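Peer 1: Could you look at this predicted model? Sequence included:
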Amino acid sequence: MVLCIIALPIFAILGIFSLKYRKLTAEALDCLFRTATLRKCRSGLDDKIKSAMTGKAMKFSPKLARLIYRNYKLISWIILIILMWSLYGTSVGIYNYYLYGNCNGPDKTGFCALDPTGKNSKISEIGVDVQSEILYPVFELNDPVIGNKSAVLTIIEFGCYACPYTKKAEPVVKEVLDYYKGKVSLQFKTFSIPHHNASHISALASDCALEQNAYPQFHKLAFEQQDTLTKSNFTSIAKQLNLNASKFAECVLSEKYKPDVDADTLMGVNAGVTGTPTFFVNRQKIVGPKPFRTFKTVIDEELGK
Amino acid sequence: MIFKFNPESCRKDFAILSKPIIYFDNACMSLKPKQVVEKMLEYYNEYTACGGRSAHRFAARVEDEVLNARNEVRGFINAKDALEIIFTKNTTEGINLVANSFGLKEGDEVILSDKEHNSNLLPFLKLSKKGIKLKFVDSNRDNSFNLEKFEDCLSEKTKLVSVVYASNIDGVANPIPEIVKLAHKNGAKVLADGAQAVPSIPVDVRTLDVDFLAFSGHKMLGPTGTGILYGKMPLLEQMDQFIIGGETVVDSSYDRYTMEGLPMKFEAGLQNYAGIIGLGEAVRYLKKVGIKRIHEHEIDLNKIITDSLSPNAKISIIGPTEAERRSGIFSFNIMGLDPLDVSKILDVSRGILTRGGTHCVHSWFNKHNLKGSVRASLYLYNTEEEAKIFAEEVKKIAKI
């Protein structure tokens, strides 16, 4: 009976393509029904599977065949438990994938079979381990906000202007802010990625743009021109934003806001950020350029509290 | 061991043997040589027509070929006349025909052995509801026929003795000549179920003096859906029809019909011409090889298997221990293992195709409280090497 439980869904799926498996599905179903109604299974499907397994094992070793034949019930139960466990794991994975874009959950970046390329979880990593003691980031009044400053919820994003995954998340962030217009805002914390050449300097530049009241414009333009983001083209960016170019250049080159930039990065490290982009919706972490529904699930949950 | 018959000489005729299998389920279904398949194809490709109805050239050819097949079968079992050969679907139909047309009446007695296939049990079991009494002859301990008990069963009310010639459980052949003598002495007629015997044992109906003999084509290299009922002409002539319709009458009106003569009166409706013609070719093939040689070959192979497996304490052979008494059948059980499982394991592990179960003889297995048996049944194309492989594999399975 045990293997009939396992066989039923497998044969049912195969039965879509083959008549042979439809017959086996019917046998498995009949076996289950009869067993459930305390009658003897008529089809003998369990026995057929048992002898087929034993026969296969005989090809390799009579001892293995004996082990299977004599311990068939135990093996069946083990297979059933493994199947149930994997079905549970698969269900959780599908649930997580639907809600968070990753089988493992919103703040995980491990391999996901439903997202084999990992496009929803890719981040630019700094190569540090997650801190054992997490200090959740806080909204800072003096730092710029994208969206409504008096919004009830502010997402804190740790990102990098030179990071392709942070750039990939931008349209979703925009969609989120548009969807929750007035209710949700974003505070972008620059997080320096050592192996991205323009990471640190672009972080400095964003503060220098803020100094000239051009932060939102810089934020937008920096991502648009990410591919050409180098030390030398900040002059060009200053011109495009109608900034005082010499003041902007001096601000960037003198690393005027290095303490602020370093403080943001440290805040991220303390919060358990290992790469960009990483978002905090209050204490819930979203890692990587997750789809809109992931943000919506988390934000709705937080707004409902 | 020197073999009188070399199976390699005929294996090339069986296309299916190119597959990696050892076919040991011949008691259920024999394989078909290309000659039989081609003969059937010839009918479909060259002269498809109705026999005995239309008058065109194709129909005439069909008539000729069917007649040839009838004559081949007649010669094969040494019947007196081709008109004594009735084509049926299978053994079951032949037995049903006799059971229902022989003219058994309430109070008549029919004697059967305790090893009858459902084909030879159920038609009479059904008749028993109409007041026909059945008597069963218990077999000896070694599963052979008990003539003394049979004699005890005979009475003046016994009208028919219907017994299996060679059992499909264990291959043991019943003493048909002795059974016939005793039955005739008592005024009873004898129907022999020859499904297993005719493909493997030289059968001469005139020497046996048997009144009816039913057998199947598919167990003797012939196509499926073909069978033969032999009956002595006077008996067949006086018997009423069983199934009637097309070709069974010479004339009919709205209130009467005039029965056809033999064999048509028993061959209702359009016949399986391709099958009958193919069966004729199968008989030709068997004659060419020689049924005696086939029988000896089967016994030689069975000896190899029996000698190899009979010393194994875990293996119990059904029937006598001597292979020569079991013809081409080796029916066995392995202690602690389900026969269906063993049969399946043989298939999966080594591609050895046997039959596991009750072989349509539920009554015998129920009586002996057995779930069934594994039956390896041999035929002309099986080899010594196959017999050895089978024996070795069974030994391995017995260790499970």
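Peer 2: Cool, got the structure.
Peer 1: Please make it C-alpha for all contacts and neighbour counts, starting now.
Peer 2: Noted.
Peer 1: Give me every residue in the stretch 51-200 of chain A lying close to chain B.
Peer 2: A:51-52, A:54-59, A:62-63, A:65-67, A:69-70 (Cα under 8 Å from any Cα of the partner chain).
Peer 1: Filter these down to just the buried residues.
Peer 2: A:51-52, A:54-58, A:62, A:65-66, A:69 (16 or more other Cα atoms under 10 Å in any protein chain shown).
Peer 1: looking at it, residue A:99 is touching residue A:300, isn't it?
Peer 2: No - if you go by Cα atoms under 8 Å, residue A:99 and residue A:300 don't touch, sitting 12.0 Å apart.
Peer 1: Same drill for these two, tell me which one is more crowded.
Peer 2: residue A:99 (21 against 11; other Cα atoms under 10 Å in any protein chain shown).
Peer 1: quick revisit: adding pLDDT, distance to residue B:184 and secondary structure, write the buried ones among the residues of the stretch 51-200 of chain A next to chain B out as CSV.
Peer 2: CSV is the format used below for these (pLDDT from 0 to 100; distance: Cα to Cα, whole Å; DSSP: H, G, I helix; E, B strand; the rest coil):
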residue, pLDDT, distance to residue B:184, secondary structure
A:51, 91, 49, helix
A:52, 91, 51, helix
A:54, 94, 53, helix
A:55, 94, 51, helix
A:56, 94, 55, helix
A:57, 94, 56, helix
A:58, 93, 54, helix
A:62, 90, 55, helix
A:65, 94, 55, helix
A:66, 93, 55, helix
A:69, 92, 53, helix
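Peer 1: Throw the residues you listed into a markdown table and include distance to residue A:244, thanks.
Peer 2: As requested, these are arranged in a markdown table below (distance: Cα to Cα, whole Å):
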| residue | distance to residue A:244 |
| --- | --- |
| A:51 | 84 |
| A:52 | 81 |
| A:54 | 82 |
| A:55 | 83 |
| A:56 | 80 |
| A:57 | 80 |
| A:58 | 83 |
| A:62 | 85 |
| A:65 | 83 |
| A:66 | 85 |
| A:69 | 84 |
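Peer 1: can you pull the buried residues of the longest helix belonging to chain A?
Peer 2: In chain A, with assignment by DSSP state H, the single longest helix is helix A:72-100. When burial is assessed from 16+ other Cα under 10 Å, helix A:72-100 yields the following buried residues: A:72-73, A:75-76, A:80, A:93-100.
Peer 1: Now do the helices in chain A.
Peer 2: Using DSSP H, helices in chain A cover A:2-15, A:19-36, A:45-60, A:62-70, A:72-100, A:164-179, A:199-211, A:215-224, A:234-240, A:245-253, A:258-270, A:292-303.
Peer 1: what about the first one and chain B, touching?
Peer 2: No - judged by Cα under 8 Å from any Cα, helix A:2-15 makes no contact with chain B; its nearest approach is 15.9 Å.
Peer 1: Let me see the mean pLDDT of that helix.
Peer 2: Throughout helix A:2-15, pLDDT has a mean value of 78.
Peer 1: Show me what counts as buried in that helix.
Peer 2: So for helix A:2-15, counting by 16+ other Cα under 10 Å, buried means A:2-8, A:11-12, A:14-15.
Peer 1: Could you do the second one as well?
Peer 2: The neighbour-count check on helix A:19-36 (16+ other Cα under 10 Å) flags A:21-22, A:24-32, A:34 as buried.
Peer 1: could I get those residues as JSON lines with pLDDT and distance to chain B?
Peer 2: Formatted as JSON lines, the buried residues of helix A:19-36 follow (pLDDT from 0 to 100; distance: Cα to the nearest Cα, whole Å):
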{"residue": "A:21", "pLDDT": "84", "distance to chain B": "18"}
{"residue": "A:22", "pLDDT": "87", "distance to chain B": "21"}
{"residue": "A:24", "pLDDT": "84", "distance to chain B": "16"}
{"residue": "A:25", "pLDDT": "86", "distance to chain B": "20"}
{"residue": "A:26", "pLDDT": "85", "distance to chain B": "21"}
{"residue": "A:27", "pLDDT": "84", "distance to chain B": "17"}
{"residue": "A:28", "pLDDT": "83", "distance to chain B": "18"}
{"residue": "A:29", "pLDDT": "84", "distance to chain B": "21"}
{"residue": "A:30", "pLDDT": "84", "distance to chain B": "20"}
{"residue": "A:31", "pLDDT": "80", "distance to chain B": "18"}
{"residue": "A:32", "pLDDT": "79", "distance to chain B": "21"}
{"residue": "A:34", "pLDDT": "80", "distance to chain B": "21"}
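Peer 1: any idea which of those residues is closest to residue B:33?
Peer 2: Nearest to residue B:33 among the buried residues of helix A:19-36 is residue A:21, at 32.0 Å by Cα to Cα.
Peer 1: how about the closest one, what does it touch?
Peer 2: A:11-12, A:14-15 (Cα atoms under 8 Å, 6 or more residues apart in numbering or on different chains).
Peer 1: From these, pick the one nearest residue A:223.
Peer 2: Among the contacts of residue A:21, and counting by Cα to Cα, the member closest to residue A:223 is residue A:14, at 48.2 Å.
Peer 1: check contacts around the closest one.
Peer 2: By Cα under 8 Å, 6+ apart, the neighbours of residue A:14 are A:21-22.
Peer 1: Give the residue spans of the chain that score low on pLDDT.
Peer 2: All of this refers to chain A. For chain A, the stretches flagged by pLDDT under 70 are A:1-3, A:129-131, A:231.
Peer 1: my question was about chain B
Peer 2: Filtered on pLDDT under 70, chain B yields the residue ranges B:1-4.
Peer 1: need the residues of it near chain A, please.
Peer 2: Within chain B, the positions near chain A by Cα under 8 Å from any Cα are B:341-342, B:344-350, B:396-397, B:399-400.
Peer 1: sorry, back to before: out of the residues of the stretch 51-200 of chain A next to chain B, what pair is the most spread apart?
Peer 2: A:59 and A:70 (16.9 Å).
Peer 1: tell me what the strand or helix carrying residue B:71 is packed against?
Peer 2: Using DSSP states H and E, residue B:71 sits in helix B:57-77. Judged by 3 or more Cα pairs under 8 Å, 6 or more residues apart in numbering or on different chains; DSSP states H and E, the packing partners of helix B:57-77 are strand B:85-88, helix B:273-289.
Peer 1: Mean neighbour count, the ones you listed: which tops it?
Peer 2: Ranked by average neighbour count under the criterion mean count of other Cα atoms under 10 Å in any protein chain shown, these are headed by strand B:85-88 at a mean of 26.
Peer 1: Three-state assignment for the closest residue to residue B:207 other than its chain neighbours, please.
Peer 2: Leaving aside its sequence neighbours, residue B:207 sits nearest to residue B:177 (Cα to Cα, 6 or more residues apart in numbering or on different chains; 7.9 Å). Secondary structure state of residue B:177, per DSSP: H, G, I helix; E, B strand; the rest coil, is helix.
Peer 1: thinking again about what came up before, show me which of the residues of chain B next to chain A are buried.
Peer 2: Among those, those classed as buried by 16+ other Cα under 10 Å are B:341-342, B:344-350, B:396-397, B:400.
Peer 1: Now tabulate those in JSON lines and tack on secondary structure and distance to residue B:22.
Peer 2: Shown next, in JSON lines, are those (DSSP: H, G, I helix; E, B strand; the rest coil; distance: Cα to Cα, whole Å):
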{"residue": "B:341", "secondary structure": "helix", "distance to residue B:22": "17"}
{"residue": "B:342", "secondary structure": "helix", "distance to residue B:22": "15"}
{"residue": "B:344", "secondary structure": "helix", "distance to residue B:22": "13"}
{"residue": "B:345", "secondary structure": "helix", "distance to residue B:22": "13"}
{"residue": "B:346", "secondary structure": "helix", "distance to residue B:22": "10"}
{"residue": "B:347", "secondary structure": "helix", "distance to residue B:22": "9"}
{"residue": "B:348", "secondary structure": "helix", "distance to residue B:22": "12"}
{"residue": "B:349", "secondary structure": "helix", "distance to residue B:22": "11"}
{"residue": "B:350", "secondary structure": "helix", "distance to residue B:22": "8"}
{"residue": "B:396", "secondary structure": "helix", "distance to residue B:22": "17"}
{"residue": "B:397", "secondary structure": "helix", "distance to residue B:22": "16"}
{"residue": "B:400", "secondary structure": "coil", "distance to residue B:22": "22"}
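Peer 1: Please consider this matter closed, and thank you.
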